[in-house]
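[1] just need the structure, nothing else, for what follows:
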Amino acid sequence: MHLSIRDADALRLSPCDDPGFSNGVCSMQLVDGRWQISGHDVQALSEQHGTPLYIYDSQAIRRQVKRFREAFSAFDHRIYYAMKANSNPDLLMLMNELDLGIDAVSIYEIGIALEAGFEARDIIFTPNGVPFDELEQAIELGTRLNIENLSYLDKLGEAYRGEVPCTLRIHPGHVISTDNHDAEGWYQRSRFGIDGDQISEAMRLIKMHGIRVEGLHVHSSSMILDEHLFGAAAKVLLNLARQLPDVRAIDLGGGIRPPYRDEDDHPDLDLLSRALTKPLDQFEQETGRNLQLWFEPGRYLVAECGTLLTRVHVMKQVGGRAIACVDTGFHQLIRPRLYDAWHEIRNISNPDGPHRVIDISGCLCEEDDLARQRSLPEVREGHLLAILNAGAYGYSMASTYNSRPLPAEVVL
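    Got it, this is the predicted structure:
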């Protein structure tokens, strides 16, 4: 089993698999009273590399990629990994080995992807609000462009006319019905993509400059991953594709999420796939064009592979609450603070102890709750805890707040 490491300043290690859990829990198994990940003893890893420590299990990523491909196997499709979810170089090399492309959102991500071995043509660049010279750098490198506003579209046409093809990113409000109130609220907040009211102006610029539009994109997000809305989104993009003869792909973006616990609602990939069959068949019959499907999953591929290990250094009582104070915090896993996200937590040191209700608090000089009122096997000072499903938007959103160093990462 390959093991790669990177310390707090320059150390990263690789991903995770779960033959024993199919409900969105990471690949951690209890063997003879000790927790293991892919055959590696979790306690031993913490002693070898210290805490806090991110552990990634590559077999979980292989499983998720295989599952995604199987679901959409009826179509000609390509997966572009959204590397903002986790840009660990070892994980990127694994994605390249698995023949995925890259969805990049900064010129710096492009550089990291190229260093990991990706070809520029396998990278889609979707910038938001950056100087146009970032797009020019990406063009010089040879990456694909995903244009999300009229300003970029006009500048691209003026500078390159039809020499540089692009994909158009359409605002999700153009594909979501206003009778879906949850989705409506989300798309009203979203600033990404060309608004439906601006489609005619986009078409004018495309015609005026002779721009080659080779793809149409909408970021699906968790809000439109109901199979009916998914199919409706595809229909809207296909209707636009009828007006743009150079379009050869529709990109349904990312946002597909794994469940973080049993009761979580999450998309059924098979249902999403079936929702695309009729509109794509109809388009091909009417136009004679067979479009490729592109997807940009991030969290779906890497969330379950990651575990964040942290050690309890202080136990205290406040207002009748038992609190375990640990050596990580929202500077290393911001999702609970930013999104009120739920992550399962396990007591590695005392898996069979009597359960007690406890809060888990971080080490920052801030309100830094990682979990509240969790029932865990009794926690004491010195115990090792594992925070599961931490492979996506964990390390990649980490900071050095309070001047604390970044955690180490390990890839199994």
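
[2] buried residues in stretch 253-268?
    G253, G254, G255, I256, R257, P258, P259, Y260, P267 (16 or more other CB atoms under 10 Å). Using the backbone N, CA and C atoms, a C-beta is placed for each residue, glycine as well.

[3] list the contacts of E227.
    P267, D268, L271, L272, R274, A275 (CB atoms under 8 Å, 6 or more residues apart in numbering).

[4] let's see it at 10 Å
    P267, D268, L269, D270, L271, L272, S273, R274, A275, L276 (CB atoms under 10 Å, 6 or more residues apart in numbering).

[5] surely the fifth one is in contact with A71?
    Yes: the pair formed by L271 and A71 meets the contact definition of CB atoms under 10 Å, at 9.2 Å.

[6] these two: who's more crowded?
    Comparing L271 with A71 by other CB atoms under 10 Å, the one with more neighbours is A71, at 20 against 15.

[7] before we move on, back to that, out of the contacts of E227, which one sits closest to Y395?
    P267 (25.2 Å; CB to CB).

[8] tell me the phi and psi of the closest one?
    phi -70, psi 150 (degrees, to the nearest 10).

[9] and it, how far is that from G255?
    9 Å (CB to CB, to the nearest Å).

[10] same check on D359?
    31 Å.

[11] returning to that earlier point: can you tell me which of the contacts of E227 are in helices?
    Among the contacts of E227, the ones falling in helices (DSSP state H) are L269, D270, L271, L272, S273, R274, A275, L276.

[12] and the first one, what pLDDT?
    So the one you mean is L269. Each residue has a pLDDT score; the one for L269 is 90.

[13] that one and E70 touch, don't they?
    Yes: using CB under 10 Å, L269 is in contact with E70, at 8.2 Å.

[14] these two: which has the busier surroundings?
    L269 (18 against 12).

[15] show me what contacts that one?
    By CB under 10 Å, 6+ apart, the neighbours of L269 are R67, F68, R69, E70, A71, F72, L225, E227, I256, Y300.

[16] which residue in the residues you listed has the weakest pLDDT?
    Among the contacts of L269, L225 has the weakest pLDDT, 58.

[17] looking at the contacts of L269, which is nearest T51?
    Nearest to T51 among the contacts of L269, with distances taken as CB to CB, is Y300, at 27.5 Å.

[18] element containing that closest one, please.
    Taking DSSP states H and E as the criterion, Y300 maps to helix 299-302.

[19] how about N389?
    For N389, there is no host helix or strand (DSSP H and E).

[20] ok, now which ones touch it?
    N389 touches 16, 24-26, 258-261, 299, 302-308, 335, 341-344, counting by CB under 10 Å, 6+ apart.

[21] just these: which are in helices?
    Per DSSP H, the contacts of N389 map to helices at R299, V302, R335.

[22] so which of those residues is the most crowded?
    V302 (32 neighbours).

[23] tell me the spacing between that one and N86.
    5 Å.

[24] hey, what's in contact with both of the two?
    With CB under 10 Å, 6+ apart as the test, V302 and N86 both reach P15, Y56, I61, M95, A390, G391, A392, Y393, G394, S396.

[25] is the last one in a helix, a strand, or coil?
    What that stands for is S396. helix (DSSP: H, G, I helix; E, B strand; the rest coil).

[26] pLDDT at it, what is it?
    97.

[27] contacts only, for it.
    Applying CB under 10 Å, 6+ apart, we find S396 in contact with M83, K84, A85, N86, S87, N88, G298, V302.

[28] name the nearest residue to the second one, sequence neighbours excluded.
    Meaning K84. V105 (5.6 Å; CB to CB, 6 or more residues apart in numbering).

[29] quick one, what contacts the one you found?
    By CB under 10 Å, 6+ apart, the contact list for V105 reads A82, M83, K84, I124, F125, T126, P127, N128, V130, N146.

[30] on that earlier part again, of the ones in helices among the contacts of N389, closest to N239?
    The closest of these, once distances to N239 are taken by CB to CB, is R299, at 29.0 Å.

[31] doesn't I256 make contact with that closest one?
    Yes: taking contacts as CB under 10 Å, R299 lies within contact range of I256: 7.6 Å.

[32] any weak-confidence spans in the stretch 51-200 of the chain?
    173-189 (pLDDT under 70).

[33] just the helices in it please.
    58-71, 89-97, 107-115, 132-141, 150-160, 181-189, 199-209 (DSSP state H, counting those that start in this stretch).

[34] okay, domains of this protein per the record?
    By the record's domain assignment, the chain is partitioned as 4-58+303-411, 60-301 (automatic domain parsing).

[35] let me know the secondary structure of L216.
    strand.

[36] the helix or strand hosting E47 - contacts with which helices or strands?
    Assigned by DSSP H and E, E47 belongs to helix 42-49. Helices and strands touching helix 42-49, as assessed by 3 or more CB pairs under 10 Å, 6 or more residues apart in numbering; DSSP states H and E, comprise strand 4-6, strand 34-37, strand 40-41, strand 53-56, strand 306-318, strand 384-387, strand 408-411.

[37] strand 306-318 and that one, what's the angle between them?
    90 degrees (axes from the mean of the first three to the mean of the last three CA atoms, to 10 degrees).

[38] buried set for helix 42-49?
    V42, L45, S46, H49.

[39] now those residues in CSV, with distance to H331 and pLDDT?
    Output for the buried residues of helix 42-49, formatted as CSV (distance: CB to CB, whole Å; pLDDT from 0 to 100):
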residue, distance to H331, pLDDT
V42, 22, 97
L45, 21, 97
S46, 19, 97
H49, 19, 97
